[in-house]
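Undergrad: let's see this in three dimensions:
(2 chains)
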Amino acid sequence: MRLKFSPRLISAVIVALIVVFIGHQNWGQASVSGQTIATFLVVGIALGGVYAISAAGLVVTYATTGIFNFAQAAIGCFLAFCYWQLTIKWGVPVLLAIAIVLLLIAPAIGITLDRVIMRRLRDAALVVQLMVTVGLMLTFMGITLTIWTPKSPRSVPHFFEGTKGVQIGDVIATWHRIITVAIALLVAVALRFLLYRTRLGISMRAVVDSRNLAGLTGAKSSVISGASWSLGCMTAGLAGILIAPETGLVVENLALVIVVAAAAAAIAQLKSLPMVFIGGLIIGLTEGFTSVFLNFGTDWNYAPQAIPCVILFIALLFLPQARLETGKVRLTKRTERLTRPWEAALGGAVMIVLVGAWANGWIPWISGTTFGQRSAVWLGRGVGFMIVGLIMLSLVPLIGWAGQVSFANYAIAGVGAVLFSHWGGPSGNPLGIVAVMAVCAPLGLLIALPALRLKGLYLALATLAFAEFTDKVIVRHPKMISPTATGVLFKPMDIFGIHISSDAADRKAFVIFLAITFALLFFMLELMRRSRWARRWIAMSDSPAASATIGINLTTTKMAVFMLSGAMAGFAGCMLGLSQGALRVDSFPMFIGLPLVLLLAVQGVRYPVAAFMGLIGLASFPALSEVLGNPTWLTQVSLIGPGIAAIAMAYRPEGAVFYSGRDLAGLLPWRADAREEKALLDQRTRDQDIGRDEINDLGLTRSFTREKVAQLDRVLSIADAVDEHPMVTGVSR
Amino acid sequence: MTALLSTEEVVVRFGVLQAVSQASIEVHAGRVTGLIGPNGAGKTTCFNVITGLQEPTSGRVRFDGADITGRSPSKRARLGIARTFQKLEVFGSLSARENIMVAAEQRRAWDRSGFDPATVTQEILDKVGLADVSEFMVGTLPTGTARLVELARALATNPRLLLLDEASSGLTEEETEEMAVLLRRLVAEDGLGILLVEHDMSFVMGICEFIYVLDFGRVIASGTPAEVQANPAVQAAYLGTETVEEAS
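TA: Numbers count the residues shown, from 1 in each chain, chains lettered A, B, ... in the order given. From the prediction side, this is the model:
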């Protein structure tokens, strides 16, 4: 391992300093004795075992299908609730209930997911793969919340609850914990056996190396992917059932085990099963150690919850550099041309007019409704939606153009809001906004540092870890958001002659101000898309290898886009703070980052206009709800909405804006080019009449046209000569 | 005459498999050098070593006299090494013009001659024959045309050494002939050194002045097209008599 003076080393030092500082600050009074050590080991190993089971499922699905399943823990949560329903509600015997959940329900979910959604994602862009599973995660959480409304607390009893357990020294290891560890070991051995000793397992592993090659050996890819998704769901369910007695049957707690599982999986580099179990143990033991030896004061109350994130971050520092791979380019058939500046200006103007007309009550057919009456509540919501729109806008260059999937922008906005409450906010100085943006830009970069040299999935995980760290450690420190401070932290401000503040009377002005800023930033991004920066980011995203060979420095190019996005999120954060007046410590949950990206991705992550459509989409649910008189079914639909979005994305990966835009463009009188190109594309699709599936199996990037077949024959005459050559066993020649 | 590019005893090992073993080849400015061999002989791996996408296990790469082993791909591009890829590596969501433009703009980072990227892009579009499709997104272009986009993009970096990985695959016969004319022009007028990996034997034999034959990662023969075709080791290992007759 080379540790030169590198981003990796800098981040390692920063993380180490933070860990040492926090540890030193919070060393508790517990003496280091045999008993305390035994306690910490018992707690840690049992926790580690559960984490490892969940992470093993993640790794198995990732290694065999190439998809990182964010819904893993949420599925586990759903299955744990099923288990509760069976045992506690219906009195089914424990073992039978476990069998029903793990051997019937879990595989059913796995196979359905594979059939309906996952198979379509094989060659999809990373952001699409991730957002589909994020959508599923939200859906499983939503379904669980709908079926089992959290009115009364539920709990799952420990196995052999009431029995004493085993005495180790002065410490008692409960049977539940012993069983947990035993099951974890069993799962480890069973998975190892399955993957290395059975025909199915060996084909599962072969698929990862080469799908085409595995197909030639007779392995059925449909069986394999179905099996690995079932296996993933089964481990998820097992982990859910084992951990539920410890955390309580609470949807959020159970679903967020995903962060821990992701950390353990990252330690295993998403492939090594033995390392998954070591990773799980490292996290479990660290948590056990913290709970026994460290005594976090009120300042760092929530810090222990960020432990998995810190470990995830550290694990990323030690991963080997990703190779620049070739041959992975996906060519999507998209017809589009760059938006002309006047079109972008027109679009921006339309946005201002739309939002302005709503805020002023000029849209007649909705002004009779609560939504249209522009109550202070609705104008306040309007401000919120516009700010969410701004954050989504900040994601367009980052995710849409440069292909860097980040879940951290809401957290960056949160940090921006907090910073603004210290600088400029209290005095009403607009320069504070500039200062905040200047800090948030490098902050965006800092998050990305450990992942710059890794593949995109790790970056997404690093940003998620950062968001959790911000939520649990940074903003909850009393120096950041004072729990005792009361009243409004931000003075009203006058920008461009518009008076903006958190005051209800100023909300209309605020909405219009935000619409103008949004439109300006939208226009700026559209102009930027025509610049060399955007071209370079898109080139880097489309083919990193080719970008490098034309002289693009990938690291600095990525750094630039992170800084732009960070600054934009910082600006949105200032607006967030200003609009809320006071800040609460729980205002910036890590979790929000996920649906935010989903909302944008569904609309089309490459297009600035998608941020606007996204905020309209966000507003439409409560608006529709009020117009219809708040029916409960709509609330339920909104819980399942992300799942619908997820499925939609699997079938329409470019996003709604693209598909509707393509069809609409042809209708515009001045877009003859769109009509021509569509006709050409249709023609080309008709030409490719040789079985698409077979061609995909051959691993070719595109189908043949008739003229190419003749040419293929020519090539094959040489290929015949090659085939006579003896094959090296196990090697594709 | 010293070589523009030389690899010295390059070895690339993937686990137990030796993809390239002690391959030493030279490419000279102003001529087309061919690199042929059966599938999996290590041709593309050689390209990756030369362009810095693959670290060699041992051995050196020299460009213009300087040892460039271990330099990053982008640094090598700045020195004047450009390539195309066997499996397309175009920027599919940019138009053909933008694909070339990115490279031309990037060139300004090291080439201070004050050229205008837009003008250079237009010149290259005309030269390669892509002017008609310049505004189409490359993802929608047929493979042959997309290959030309890759070539054009490589040219936009103003290279001194051009590595073409299966330049003619996906092209029609007519397009292949045009490609040959273009490559000859680049060599004769601009003095480029070209290294060509190719399966189309008539194309290789017609355009290359010097050919290396790679098999199992080793250079089993080298020489002029005539010498290579006459070499019994080559015939036995790879070409087969029929193909040789057809090509000559």
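
Undergrad: please count neighbours and contacts with C-alpha atoms only from this point.
TA: Noted.

Undergrad: what is the longest helix anywhere in chain B packed up against?
TA: The helix of greatest length in chain B, counted in residues with DSSP state H as the criterion, is given as helix B:173-190. Under the contact definition 3 or more Cα pairs under 8 Å, 6 or more residues apart in numbering or on different chains; DSSP states H and E, helix B:173-190 sits against helix B:201-207.

Undergrad: please save the CA atoms from the helix or strand that the helix it packs on is followed by in CSV.
TA: Following the chain from helix B:201-207 toward its C-terminal end, the next helix or strand by DSSP states H and E is strand B:210-215. Written as CSV, here are the backbone C-alpha positions of strand B:210-215 (Å, rounded to 0.1, in the frame of the first residue of the first chain):
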residue,chain,number,x,y,z
PHE,B,210,6.6,-2.7,-40.1
ILE,B,211,4.6,-5.4,-38.2
TYR,B,212,5.0,-7.1,-34.9
VAL,B,213,3.2,-10.4,-34.3
LEU,B,214,2.1,-11.1,-30.8
ASP,B,215,1.1,-14.5,-29.5
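
Undergrad: and the contacts of whichever helix or strand comes after strand B:210-215?
TA: Downstream of strand B:210-215, the next assigned helix or strand under DSSP H and E is strand B:218-223. The list of residues contacting strand B:218-223 from outside it, by Cα atoms under 8 Å, 6 or more residues apart in numbering or on different chains, reads B:20-24, B:41, B:210-214, B:228, B:231, B:233-234.

Undergrad: residue in chain B nearest to chain A?
TA: Relative to chain A, the nearest point of chain B is B:Ser74 (3.8 Å; Cα to the nearest Cα).

Undergrad: now for that residue: which residues touch it?
TA: Shown here is B:Ser74, whose contacts under the criterion Cα under 8 Å, 6+ apart are A:Ala548, A:Thr549, A:Ile550, A:Gly551, A:Ile552, A:Asn553.

Undergrad: in a markdown table, list those residues along with distance to B:Val181, neighbour count and pLDDT.
TA: Written out in a markdown table, the entries for these read as follows (distance: Cα to Cα, whole Å; neighbours: other Cα atoms under 10 Å in any protein chain shown; pLDDT from 0 to 100):
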| residue | distance to B:Val181 | neighbour count | pLDDT |
| --- | --- | --- | --- |
| A:Ala548 | 28 | 23 | 92 |
| A:Thr549 | 25 | 27 | 93 |
| A:Ile550 | 24 | 31 | 94 |
| A:Gly551 | 27 | 26 | 92 |
| A:Ile552 | 30 | 28 | 93 |
| A:Asn553 | 33 | 19 | 90 |
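
Undergrad: redo those as TSV? Include distance to chain B and secondary structure.
TA: Compiled in TSV, the contacts of B:Ser74 are given as follows (distance: Cα to the nearest Cα, whole Å; DSSP: H, G, I helix; E, B strand; the rest coil):
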residue	distance to chain B	secondary structure
A:Ala548	5	helix
A:Thr549	5	helix
A:Ile550	5	coil
A:Gly551	4	coil
A:Ile552	6	coil
A:Asn553	6	coil
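
Undergrad: buried residues in stretch A:517-528, which are they?
TA: When burial is assessed from 16 or more other Cα atoms under 10 Å in any protein chain shown, stretch A:517-528 yields the following buried residues: A:Thr517, A:Phe518, A:Ala519, A:Leu520, A:Leu521, A:Phe522, A:Phe523, A:Met524, A:Leu525, A:Glu526, A:Leu527.

Undergrad: just curious, which of these is nearest to A:Leu680?
TA: For the buried residues of stretch A:517-528, the residue nearest A:Leu680 by Cα to Cα is A:Glu526; the value is 26.5 Å.

Undergrad: among the contacts of strand B:218-223, the buried ones, what's the ChimeraX command?
TA: A single ChimeraX command selects the buried members of the contacts of strand B:218-223 (16+ other Cα under 10 Å):
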select /B:20,21,22,23,24,41,210,211,212,213,214,228,234
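
Undergrad: near chain A, which of the contacts of strand B:218-223 show up?
TA: Checking the contacts of strand B:218-223 against chain A by Cα under 8 Å from any Cα of the partner chain, the ones in range are B:Ala41.

Undergrad: helices of chain B, residue ranges please.
TA: Taking DSSP H as the criterion, chain B carries its helices at B:43-51, B:73-79, B:96-107, B:117-128, B:143-156, B:173-190, B:201-207, B:225-230, B:232-234, B:241-247.

Undergrad: out of those, deepest packed?
TA: helix B:96-107 (a mean of 27; mean count of other Cα atoms under 10 Å in any protein chain shown).

Undergrad: check which helix or strand A:Asp494 maps to.
TA: For A:Asp494, the enclosing helix or strand under DSSP H and E is strand A:493-495.

Undergrad: partner strands of that strand, with direction?
TA: Taking DSSP bridges as the criterion, strand A:493-495 pairs within the sheet with strand A:498-500 (antiparallel).

Undergrad: just the residues contacting the partner strand, thanks.
TA: Here strand A:498-500 makes contact (Cα under 8 Å, 6+ apart) with A:Pro492, A:Met493, A:Asp494, A:Asp506, A:Arg507, A:Ala509, A:Phe510, A:Phe513.

Undergrad: now pLDDT and neighbour count too, for the residues you listed, in a markdown table please.
TA: What follows is the contacts of strand A:498-500, written out as a markdown table (pLDDT from 0 to 100; neighbours: other Cα atoms under 10 Å in any protein chain shown):
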| residue | pLDDT | neighbour count |
| --- | --- | --- |
| A:Pro492 | 84 | 21 |
| A:Met493 | 82 | 17 |
| A:Asp494 | 82 | 13 |
| A:Asp506 | 86 | 18 |
| A:Arg507 | 87 | 26 |
| A:Ala509 | 90 | 19 |
| A:Phe510 | 92 | 27 |
| A:Phe513 | 94 | 22 |
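
Undergrad: so which of the residues you listed comes closest to chain B?
TA: Distances from chain B to those, taken by Cα to the nearest Cα, are shortest for A:Phe513, at 34.1 Å.

Undergrad: contacting residues around the closest one?
TA: When the contact criterion is Cα under 8 Å, 6+ apart, the partners of A:Phe513 are A:Ile498, A:Ile500.

Undergrad: now stretch B:172-192: mean pLDDT?
TA: Averaging pLDDT along stretch B:172-192 gives 90.

Undergrad: from the middle of its chain, how far away would it be?
TA: Mean-position distance between stretch B:172-192 and its chain equals 13 Å (Cα atoms, centre = their mean, to the nearest Å).

Undergrad: next one: stretch B:9-18
TA: Going by Cα atoms, centre = their mean, the spacing between the C-alpha centre of stretch B:9-18 and its chain's C-alpha centre is 21 Å.

Undergrad: what comes up buried for that stretch?
TA: Using 16+ other Cα under 10 Å as the test for burial, stretch B:9-18 gives B:Glu9, B:Val10, B:Val11, B:Val12, B:Gln18.

Undergrad: can you tell me the closest non-neighbouring residue to the first one?
TA: Leaving aside its sequence neighbours, B:Glu9 sits nearest to B:Gln22 (Cα to Cα, 6 or more residues apart in numbering or on different chains; 3.8 Å).

Undergrad: check the third one too.
TA: Take B:Val11 and drop its neighbours on the chain: the residue closest to it by Cα to Cα, 6+ apart is B:Ser21, 4.5 Å away.

Undergrad: ok, the one you found - contacts?
TA: If you count contacts by Cα under 8 Å, 6+ apart, then B:Ser21 has B:Glu9, B:Val10, B:Val11, B:Val12, B:Phe216, B:Gly217, B:Arg218 around it.

Undergrad: any idea how far B:Thr57 is from it?
TA: In this structure, B:Ser21 and B:Thr57 are separated by 10 Å, where distance is defined by Cα to Cα, to the nearest Å.

Undergrad: what helix or strand does A:Ser541 sit in?
TA: Secondary structure here is read from DSSP H and E; on that basis A:Ser541 sits in helix A:532-542.
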